[in-house]
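Trainee: A structural model of the following input is requested.
(one chain, ligands or ions: 2)
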Amino acid sequence: MSRRYLTIEGVVDPHVHLRGMAWAHKGDFYSETCAAVAGGYWLVCDMPNTTPATLTPDALRMKLDGIGAQAVCDWGVYYGASAEDNTDTFGAVYDDVCGIKMFCNDTTGHLLIEDQSMRAKHYAAWPSDKPIAVHAEGETVGEVLALVREYGRRTHFCHISTAYEINLLAAAKAEGLPITVGVCPHHLWLTEDDLGRLGAFGWMKPTLKTLDDRAALWEAINIGVVDCVESDHAPHTREEKESESPPYGVPGLETTLPLLFTAVVDGRLSEARAMELVSAGPRGIWGLTPPDGTYTVVELETDYILTNTKLMTKPKWSPFEGMQVAARVAETWIRGTQVYDGQKVTVLPGFGVNVYA
Ligand code: DOR
Ligand code: ZN
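Mentor: Ligands and ions are numbered 1, 2, ... in the order given. Next up, the predicted model:
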C-alpha cells in the first residue's frame, strides 16, 4: 500500500463542548484541547452550555481564564443567549468571543429559548457581524430563517441532520440569506439503525436519523450547500451514559479527520472538498486567519481500527470505536511549533491563545 501525506493549513472545529469548571469530570480544558490537537485541530470554539453557563461577563471571564491557563490549541468561545435576556451585556463581551450561541431546541444544559420574541430580541441586540450560531431542528429552522430575513444577522445553522432541514436551508441560501450550514460526523456515518448497538452511547441532539436523511447530508456536502464539518464534541462519562437518565452528546474531536479523509480514500468525497470543510470553510465563517506555521499533516491509505484506548478525550469512548479507517493525523503544528507528533502532545498547558482577545 502506498501511503500519502496531505498538509492542511489552519484546521478549525467551530463546535466543541470542552466542559471544564464544574463539569471537569467529563472533560477539562487540558484534556479536551489535547484531544483537539490529536484530532489535527489548530483551533476550537467552545460552546456556552457549561456550568457555570457563559451568560454573564463574570462567567465568561472565568472561562477565558481557565481555558487560557490550560489549552494546548488556539481557541475561541461563544457567549450564550439567555432566556432571561442578557442582551444588555453584549457590548461588554462582544470583543472577546467568536460569536453567540442560541439554543432554540432542547439539549444538555439550561439555555433553551423557545419564545420567538425573545429570540428576536437577541437578534436585534447582537452588535455585529460575528456569527449567531443556532441549534435549530425541524420547524425551528424556518422560525430562525424568519429572524435572519428580518434582522439580516449572519447565522450559522449547527449540526443539521435531516433532509427536510437541509432542503429549507438550500432554498434560503438560494434566496441570498447570510447563512451557513454545519454537519456532524455522527450524522454522516451513523443512523438510527446503530442505536440498538450503541444504546445511549449513540444519543446526541440532534438525534441520529434515517438512511435517507444521511444521504441528503452527503448530497448537500457534495453540491456545496454544507459549509463546514463540525464535531459537536460533547464528552460525558461512561457512568453517566450507563445511568438511568443518560445525557445527550458524544466525543468527536479525534475521529472527525480520520473519518472525513477515509471518505477521500474511498472516493466518496474529493480531497479539495474535505480540506475545505475543516479549514477554509469554518475559517471564512468565523473570520480566522491561521498564523504562519499552522498546519496539520494527515496520512492517507493507512488502514487501522478506531480504538477507545488511544483517545485523549477524558471519558475515552467513541461511538465510532471499531470502525476501520484509512487516514490518521500524523502531525499538528501551531505557530511554527509541533504540538502533536502522531503519538503525544508536545507542548505545555497554556500554549494555546484566544485568537479573539
Ligand atoms: O448532544 C448534544 N450534546 N447536543 C448538544 O447540543 C449539547 C451537547 C452537550 O453539551 O452535551
Ligand atoms: Zn453542541
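Trainee: and the nearest residue to Asp292 once chain neighbours are set aside, how far is that from ligand 1?
Mentor: Of all residues not flanking Asp292 in the chain, Gly336 sits nearest, at 6.5 Å (CB to CB, 6 or more residues apart in numbering). In this view, the C-beta of every residue, glycine as well, is placed from N, C-alpha and C. According to CB to the nearest ligand atom, to the nearest Å, Gly336 and ligand 1 sit 33 Å apart.
Trainee: so how far is the helix or strand harbouring Asp212 from its chain's centroid?
Mentor: Asp212 belongs to helix 211-223 when elements are defined using DSSP states H and E. Between the centre of helix 211-223 and the centre of its chain there are 19 Å (CA atoms, centre = their mean, to the nearest Å).
Trainee: which residues does the residue lying closest to His135 once chain neighbours are set aside contact?
Mentor: Excluding its sequence neighbours, the residue lying closest to His135 (CB to CB, 6+ apart) is Phe103, at 4.7 Å. Each residue near Phe103 by CB atoms under 8 Å, 6 or more residues apart in numbering is listed here: 49, 80-81, 109, 111-113, 134-135.
Trainee: Going by proximity to ligand 1, name the top residue of the chain.
Mentor: Minimum separation of the chain from ligand 1 (CB to the nearest ligand atom) falls at Gly249, amounting to 2.8 Å.
Trainee: That residue and Asn49 touch, don't they?
Mentor: No. Counting by CB atoms under 8 Å, Gly249 stays clear of Asn49, with 9.8 Å between them.
Trainee: between these two, what contacts are shared?
Mentor: 17, 108.
Trainee: tell me the pLDDT at the residue of the chain closest to ligand 1?
Mentor: According to the per-residue confidence, Gly249 scores 98 in pLDDT.
Trainee: Using neighbour counts, pick out the buried residues of stretch 324-333.
Mentor: 325-333 (16 or more other CB atoms under 10 Å).
Trainee: Using JSON lines, lay out these together with pLDDT and distance to Ala171.
Mentor: JSON lines is the format used below for the buried residues of stretch 324-333 (pLDDT from 0 to 100; distance: CB to CB, whole Å):
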{"residue": "Val325", "pLDDT": "98", "distance to Ala171": "34"}
{"residue": "Ala326", "pLDDT": "97", "distance to Ala171": "35"}
{"residue": "Ala327", "pLDDT": "98", "distance to Ala171": "34"}
{"residue": "Arg328", "pLDDT": "98", "distance to Ala171": "38"}
{"residue": "Val329", "pLDDT": "98", "distance to Ala171": "36"}
{"residue": "Ala330", "pLDDT": "98", "distance to Ala171": "40"}
{"residue": "Glu331", "pLDDT": "98", "distance to Ala171": "41"}
{"residue": "Thr332", "pLDDT": "98", "distance to Ala171": "38"}
{"residue": "Trp333", "pLDDT": "99", "distance to Ala171": "40"}
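Trainee: coming back round to it: from the contact counts, what lies against the helix holding Asp212?
Mentor: helix 163-174, strand 179-183, helix 185-189, helix 271-278 (3 or more CB pairs under 8 Å, 6 or more residues apart in numbering; DSSP states H and E).
Trainee: Let me know which of those is the nearest to Glu143.
Mentor: helix 163-174 (10.8 Å; CB to CB).
Trainee: for that closest one, which positions count as buried?
Mentor: 163-166, 168-170, 172-173.
Trainee: which stretch of helix or strand covers Ile8?
Mentor: Going by DSSP H and E, Ile8 is in strand 4-9.
Trainee: Report the mean per-residue pLDDT for whichever helix or strand comes after that strand.
Mentor: Per DSSP H and E, the first helix or strand lying C-terminal to strand 4-9 is strand 12-16. Mean pLDDT, strand 12-16: 98.
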